[in-house]
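Trainee: Quick one: sequence and predicted model below, then my questions.
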Amino acid sequence: MELSKEIDVAISLNNLQSCNLEFGANAQQWQTLVDDYFCAPTGTSPESDEEVSDEGSDECELNSHNELKIVGQNELGLSDISSASLDGEAASIDDGDVEDAGDDIVFDEIAIVMENVSIVNHEDYAGETEKIVNFTCVVKSSKNSCCLNDGNPCCTALSTEFMHELRTTMSSLPAYEKDLILLGKLSSGINMKETTASSKRKRQTQRKHQRTCYCVEGTRICRETFKFLHCISQDKLTALLKHYKEHGLTPRHKKSGGRQKTNARFLTFEDVSRVVTFIVNFSEVHALVLPGRVPGFKRFDIKLLPSMYTKASIWRLYQSAMNAEGYRAVKVHSFRNLWRSLVPYIVMTKPMTDLCWTCQKNNSRIYRSMNIPEAEKSAELLKQQDHLVKVTLERTLYQDMVKKASNTFKDSAIKLGKNAPMSRDIKMHYSFDYAQQVHYPNDPYQPGPMYFLVPRKCGIFGVACEAVPQQVNFVIDEAVLISKGANAVISYLDYFFDHYGFGEKDLELHCDNCSGQNKNNFMLWYLAWRIINGLHRSISLNFLVAGHTKFAPDWCFGLVKQKYRRTMVSSLDNFVDVVNSSTIVGTNIAQKVGTSSGDVIVPYYDWNKFLSLYFRTVPGIKKFQHFRFDAAHPGEVFRKEYADSIEENFQLLRDVNNLPQASKPGTIPPPGLSYERKLYLFDKIREFCSIETRDITCPAPGPAPAIVNDPAVVNDFVARKPAKRPGTQLDQGNLVPKRGRGGRGRGRRGRGGAPT
């Protein structure tokens, strides 16, 4: 049989009250608690704590007077209510009234709860009163009561109500506040003078113990009564007196756990100061001080230590310095904690890649500029500052171009797609770059043997349109790869303009400074060819400063790599799905250059051979960062070193009357996979692919190529090997490398091979 909600609440409140030392809450406080937090506002029905089934249970609701109304059959009989300490009107209801389904039984929630709580409060108050009445201030050492109240015990001078209220108040206080009150009372009655003050002696003696007078509201009481009124033990009183004599009127902190001051490993203020001073002085000598933000760190107020140092290595230097001076050296764990909490603005530079070589050279000079004259030090800083100003200028130009292109499609949902050349009178900006190649099959859990093998390779070339934003990622399988040179880059761009461009009249391009792929004469010739044949009205080719080339393609590549590392990839089609699903909104688009079997989708054209017949090379091409072409000057290129430099023109055509034809050059067939590579994939990599993709990614290599029987071919191959160097041997007519140290081309001196 279940008790009602009101009985449960009353029992819970009594349990809470019993947890309070010496019953710190009175009946009025419990009444306020019930009124504020238990009873719902008038006219509202509080939610039931548990669902009541439709059958065999009563339906409960509150009437307008905030009273509980039980409708229907009541399973809680009169005896149950009486056992739950419900007397009065509720207990006077007989069984006949309960069994009458037509009558309504009304209970007052507050009355039921407070009736049960008040019983406990009454019992508590009675017990506490009995304890106060029976208390006598007997001194345990003499077993006699004190006589401070005109020969009577001091407790008789205080009323029972006052003693009850004081004990209740002190019991309800937290330990911290209780200690402060007791220390304040002890400070007003303690005598800690060096000599005694006895009126019966002519000569006073040296005081050995403090003398304490205990008072409460102007009435002097003995020590036993003081402890009883404030609900403390003798040990607690002794600890408070000891604390006051040592520390005065200061808060007392609990020493539970942690190190004690008597511990030999406890760090003093001097130990901590020496640690902080050493770290700060070390940073003054070795920290990086540069104008402008450092790559990888967003804050300007930090000091960067070179990546060659670690906190452990600096601690060893600190330990040696402390031992030489005869001071105590803290352990490495405490050294790290003090560094992290007291000097967090001093951090280590993280190892990075693809950094600006100019910045690194300037940084090295600045590192060594501590002991040089101020004039030379200022010159080094100004040199680095000038470099960063140019970098900022180039970065600002890139951002402005992207912003202008974004405003073109600000209010439209247009995406990349096939459009006719010169079909839109707009200016569009694109960025292109290569990503680091990936391998497949790829397993996120990476089986152990896979780490030492070379799976099938796949390159990525991306062309990003920041205005949309979208990026076309050319997925280049190992079977259709020719190179990463100018022919490949120009072929990818040409395919992009034909199948994904917006048909813009004015074109702006950004890329990095890689001379083998982007910054070469073949790229300039190709852009001039597009202007001459009316594919664009104007084109600008812009290069970011080397080492400061993070731009939109890197962002898209990062999204692909995040998805790739967490996905099982067993074939080229799986990787295409990874690229397409790397973003929800379709930022990355995959374009296969060819299939795994070697079929070409994006053709490679021999642009180098074709364009070299009509154009000539540009002298000093590497020092220029900006190139511009326009239809008003076909065949000419306008170049400048930086965005704010003076522009100069150069004629690219060998013969202004001999213009290149509009047709594209001949194609270059990919060499495909060699027999040895196919055999390696079949023997070593096939087992790591899924069953349905094994014949696609790692098919059987087929029959071996024809045996070399022509002696002229063999002699020519051997003649091209270095003299006195173990080369290859003829095994059944096939050229295979010799086994052993010489066959690998390495001797005892490392990669250089055996000495000649």
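Mentor: Received, thanks. Residues are numbered from 1 along each chain as shown.

Trainee: switch to C-alpha atoms for all contacts and neighbour counts from now on
Mentor: OK.

Trainee: count of neighbours near the closest residue to residue 605 other than its chain neighbours?
Mentor: In space, and not counting its chain neighbours, residue 605 is closest to residue 667: 4.2 Å by CA to CA, 6 or more residues apart in numbering. By the measure other CA atoms under 10 Å, the count of residues near residue 667 is 12.

Trainee: Any figure for the gap between residue 667 and residue 488?
Mentor: From residue 667 across to residue 488, the span is 11 Å (CA to CA, to the nearest Å).

Trainee: Can you work out which residues contact both of these two?
Mentor: Residues touching both residue 667 and residue 488 (CA atoms under 8 Å, 6 or more residues apart in numbering) are 604-605.

Trainee: What does the pLDDT read for the residue of the chain most remote from its centre?
Mentor: In terms of distance from the mean C-alpha position of the chain, residue 202 ranks first, at 77.9 Å (CA atoms, centre = their mean). Reading off the confidence values, residue 202 has pLDDT 72.

Trainee: likewise residue 216?
Mentor: Residue 216 is given a pLDDT of 89.

Trainee: do the same with residue 452
Mentor: Note on residue 452: pLDDT of 86.

Trainee: again with residue 413
Mentor: Residue 413 carries a pLDDT value of 72.

Trainee: Name the SS class of it, please.
Mentor: Under DSSP: H, G, I helix; E, B strand; the rest coil, residue 413 falls in the coil class.

Trainee: number of nearby residues for it?
Mentor: Count around residue 413 with other CA under 10 Å applied: 7.

Trainee: when you give positions from now on, start the count at 26
Mentor: Got it, first residue is 26 now, which makes that one residue 438.

Trainee: where are the low-confidence patches of this protein?
Mentor: 26-150, 164-170, 224, 279-290, 313-326, 376-380, 391-396, 436, 732-781 (pLDDT under 70).

Trainee: Repeat the analysis, applying 50 as the threshold.
Mentor: Applying pLDDT under 50 to the chain flags the ranges 26-28, 44-48, 65-132, 143-147, 316-317, 739, 742-743, 745-781.

Trainee: From residue 612, how far off is the nearest residue to residue 361 once chain neighbours are set aside?
Mentor: Nearest residue to residue 361, sequence neighbours excluded (CA to CA, 6+ apart): residue 336, at 7.0 Å. Going from residue 336 to residue 612 by CA to CA gives 42 Å.

Trainee: Neighbour count for these two, which is higher?
Mentor: Between residue 336 and residue 612, residue 612 has the larger neighbour count (other CA under 10 Å), namely 21 against 15.

Trainee: In contact with the more buried one, which residues?
Mentor: Counting by CA under 8 Å, 6+ apart, residue 612 touches 494-496, 581.

Trainee: Please narrow the residues you listed to those residing in strands.
Mentor: With strands taken from DSSP state E, the overlap with these comprises 495-496.

Trainee: Scan the contacts of residue 612 and report the most crowded one.
Mentor: In terms of neighbours by other CA under 10 Å, the contacts of residue 612 top out with residue 496 at 27 neighbours.

Trainee: Hmm, that one is touching residue 578, no?
Mentor: Yes: using CA atoms under 8 Å, residue 496 is in contact with residue 578, at 7.3 Å.

Trainee: Identify the contacts common to these two.
Mentor: Contact criterion CA under 8 Å, 6+ apart; residues shared by residue 496 and residue 578: 487-489.

Trainee: Kindly provide the distance from residue 476 to residue 638.
Mentor: 48 Å.

Trainee: So for these two, which sits in the more crowded spot?
Mentor: residue 638 (13 against 9).

Trainee: what phi and what psi does the backbone show at that one?
Mentor: Residue 638 has phi and psi values of phi -80, psi -20 when expressed as degrees, to the nearest 10.

Trainee: What of residue 485?
Mentor: Dihedral angles for residue 485 - degrees, to the nearest 10 - are phi -140, psi 130.

Trainee: Now do the same contact list for it.
Mentor: So residue 485 contacts 459-462, 498-501 (CA under 8 Å, 6+ apart).

Trainee: Would you list the phi and psi of the residue nearest to residue 630?
Mentor: phi -90, psi 160.

Trainee: got it, and the one 10 residues further on?
Mentor: Reported as degrees, to the nearest 10, the phi and psi values for residue 702 are phi -70, psi -40.

Trainee: what about residue 171, neighbour count?
Mentor: Other residues within reach of residue 171, judged by other CA under 10 Å, total 22.
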